[in-house]
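Q: Sequence first, predicted model second:
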Amino acid sequence: MKIIFRINYIFFLLLVTILKTEASPERTGISDSSSLSFRSAAFNSNGMKFPFSASKMDVDSLEMLHTGTPEIKNEPMDVKKEFLPPHELKLGLTGIYQVSPAGKEQINHGGKISAASGSVDIEMSFFPLKTSRTFLHLESGKGSGLDAIAESFSGFNFDADDNPELRVTELWYEQDLLEGRLRSQLGKIDLSTTFDRNIAANSETLQFLSPGFRNNPALEFPVRNSPGLSLWLSTGELFDLGFAIAEADADWNRIFDDLFSILEIDLKPQFNQMQGNYRLYFWKNNLQHQLLLKEGNSQKGNYGFGISADQELSRSLIVFSRIGIQRGDLSRMHYAFSAGLQFSSDNTETEENVFGAAYGINFIGRYGRMLDSMSFITSAHEHHIELYYNFRLNSFIRISPDIQWIKNLEANARAGSLWAFGLRTQFSI
């Protein structure tokens, strides 16, 4: 791993050297406000806030979870910083261990089950122009996690990645246009970090571990990060408008045959100086799906809409919720709902420690119930609870105990309930 890290760092420094020699001085700098990052928002060179695909291991972002926006400091210009291309290199290591006292009704054999997973993330950013950014994300992992043993709609571990090859998971170019009011992103992109975002629930390495709380389970994103285009238009402080298209099957073959598209409007009201974010979106996935109750070549595309909201109630407390609906004749899960909170202490010594709690329910639809009755399955809605406490051990390491409970796995009443007790360790530099 040290060898891989050093090779990529040398490669990155070569790219920066090329940019320094080819770019003119007036186009190589980037303002401090542009380089500040948070998973849910970023500021462009004109100080306007945009969503963007941010670092999944940005530990410093937890300090900004109170408001979701970083503070812009009006400091004198640093000549070295303004006229040399800023660059970032981040390394993240995540280890997760989960254990469950499961019974044979959940996993077809009795006794305790356990699973571990680990992932490595290398992220590189450089800024060829004052209003642009290029981002490269390399990832590797080992272990399928608890989900490979006990399947559910919600899932237990979004970070599990059983692919030990170091590969490119994101590579995109981002550009500000129209004096900073329009932001475009082109390349191999991860739409789950720019759409259906949430201040309190959108990071599997810092917040909730379950996929069902990281994003809306009733929103069918492309199967993997894929070639696509994302556009965000800022109309001011009240709302933003976003649109994106990407290849739905992510096979890089006939890209325009099976497209995923999404349109989202973000409302950003303030109540008594407490920030709120209310996102409404409609999506369509043209990847062909087999209808649940029809045999043969009866395939249709999926579509749906959703809401993702978070609201500050105080400097320390944020509440959030998601609602989603998709075609019930294509998927057994027709609706999804989740709600929860995130709390951080006002104590300056512990304010970077964060507690989160969430409850979710995945509703099985009418067509799903009919299909289950044919297979002699007793249908029931799936319920999910997750609690975590993210504790900062030092500047590099965070430890998060995690507890999850799922009832009626995959909407099967006979599957019973399953507890999962986990520990997540996150190392980031």
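A: Nice, I can see it.

Q: When you work out contacts or count neighbours from here on, use the C-alpha atoms and nothing else.
A: Will do.

Q: averaged over its residues, what pLDDT does stretch 242-252 have?
A: The predicted model assigns stretch 242-252 a mean pLDDT of 90.

Q: for stretch 214-234, same thing?
A: Per-residue pLDDT over stretch 214-234 has a mean of 94.

Q: So for it, what gets flagged as buried?
A: Burial within stretch 214-234, assessed by neighbour count using 16 or more other CA atoms under 10 Å, is assigned to 214-222, 224-234.

Q: Likewise for stretch 313-320?
A: Taking 16+ other CA under 10 Å as the criterion, stretch 313-320 shows 313, 316, 317, 318, 319, 320 as buried.

Q: what separates the third one from residue 368, distance-wise?
A: Taken as CA to CA, to the nearest Å, the spacing of residue 317 relative to residue 368 amounts to 38 Å.

Q: With residue 116 instead?
A: Separation of residue 116 from residue 368 (CA to CA): 32 Å.

Q: Any figure for the gap between residue 261 and residue 335?
A: Using CA to CA, one obtains 20 Å as the distance from residue 261 to residue 335.

Q: Check residue 222 too.
A: Distance of residue 222 to residue 335, given as CA to CA: 19 Å.

Q: residue ranges for the helices of the protein, please.
A: In the chain, helices defined by DSSP state H lie at 2-22, 25-28, 32-35, 79-83, 104-107, 211-214, 366-374, listed in chain order.

Q: By mean pLDDT, show me the worst of those.
A: helix 32-35 (a mean of 28).

Q: can you list the weak-confidence ranges in the stretch 51-200 of the chain?
A: Low-confidence segments of the stretch 51-200 of the chain, defined by pLDDT under 70, are located at 51-86, 102-111.

Q: Please name whichever of the buried residues of stretch 313-320 scores lowest on pLDDT.
A: Of all the buried residues of stretch 313-320, the model is least confident about residue 316, whose pLDDT is 91.

Q: neighbours of the closest residue to that one other than its chain neighbours, just the number please.
A: On the basis of CA to CA, 6 or more residues apart in numbering, the spatially nearest residue to residue 316 that is not a chain neighbour turns out to be residue 344, at 5.0 Å. As a burial measure, residue 344 scores 22 neighbours (other CA atoms under 10 Å).

Q: now residue 193
A: For residue 193, the number of neighbouring residues by other CA under 10 Å comes to 21.

Q: do you know how far the residue nearest to residue 362 when sequence neighbours are not counted is from residue 425?
A: If you skip the residues right next to it in sequence, residue 362 has residue 336 as its closest partner in space, 4.5 Å away by CA to CA, 6+ apart. To residue 425, residue 336 is 29 Å away according to CA to CA.

Q: More neighbours: those two, which one.
A: Here residue 336 and residue 425 are set side by side on neighbour count (other CA under 10 Å), and the busier one is residue 336, at 25 against 19.

Q: Next one: the more buried one from residue 149, what distance?
A: The value you get for residue 336 to residue 149, if CA to CA is used, is 23 Å.

Q: got it, and residue 263?
A: In this structure, residue 263 lies at 35 Å from residue 149, with CA to CA as the measure.

Q: more neighbours, the two?
A: When neighbours are counted by other CA under 10 Å, residue 263 comes out ahead of the other of residue 263 and residue 149, with 18 against 14.

Q: is it true that the more buried one touches residue 282?
A: Yes - using CA atoms under 8 Å as the test, residue 263 is close enough to residue 282 to be in contact (5.5 Å).

Q: Let me know how buried the nearest residue to residue 339 once chain neighbours are set aside is, in neighbour terms.
A: Spatially, and ignoring its direct neighbours in sequence, residue 339 is nearest to residue 321 (4.1 Å; CA to CA, 6+ apart). Burial of residue 321 is recorded as 23 neighbouring residues (other CA under 10 Å).

Q: need the contact list for residue 216.
A: Contact criterion CA atoms under 8 Å, 6 or more residues apart in numbering gives 196, 306, 322, 323, 324, 336 as the residues in contact with residue 216.

Q: wait, residue 291
A: Residues counted as contacts of residue 291 (CA under 8 Å, 6+ apart) are 298, 299, 300, 329, 330.

Q: Go through these and say which is closest to residue 177.
A: Using CA to CA, residue 300 is the member of those that lies nearest residue 177, at 36.8 Å.

Q: Please work out how many residues are found near the closest one.
A: The local packing count at residue 300 equals 16, with neighbours defined by other CA under 10 Å.

Q: got the contact list for it?
A: If you count contacts by CA under 8 Å, 6+ apart, residue 300 has them with 286, 287, 288, 289, 290, 291, 330.

Q: What distance do you get for the nearest residue to the first one once chain neighbours are set aside to residue 258?
A: In other words, residue 286. In space, not counting the residues next to it along the chain, residue 286 is nearest to residue 301; the distance is 4.5 Å by CA to CA, 6+ apart. Separation of residue 301 from residue 258 (CA to CA): 9 Å.

Q: so what sits against both of these two?
A: Common contacts of residue 301 and residue 258 (CA under 8 Å, 6+ apart): 285, 286, 287, 288.

Q: Could you measure from residue 276 over to residue 255?
A: Summarising the geometry, the distance separating residue 276 from residue 255, computed by CA to CA, is 37 Å.

Q: what about those two, which has more around it?
A: For the pair residue 276 and residue 255, the greater number of neighbours falls to residue 276 (21 against 16), based on other CA under 10 Å.

Q: burial count for the nearest residue to residue 307 once chain neighbours are set aside?
A: With sequence-adjacent residues excluded and distances taken as CA to CA, 6+ apart, residue 307 is closest to residue 280, at 4.7 Å. Taking other CA under 10 Å as the neighbour definition, residue 280 ends up with a count of 19.

Q: got the contact list for residue 280?
A: With contacts defined as CA under 8 Å, 6+ apart, the neighbours of residue 280 are 264, 265, 266, 305, 306, 307, 308.

Q: Now the phi/psi pair for the closest residue to residue 410 other than its chain neighbours, please.
A: Among residues not flanking residue 410 along the chain, residue 152 sits closest, at 4.5 Å (CA to CA, 6+ apart). Listed backbone geometry of residue 152 is phi -150, psi 170, with angles given as degrees, to the nearest 10.

Q: Might you report the residue contacts of residue 152?
A: Each residue near residue 152 by CA under 8 Å, 6+ apart is listed here: 409, 410, 411.
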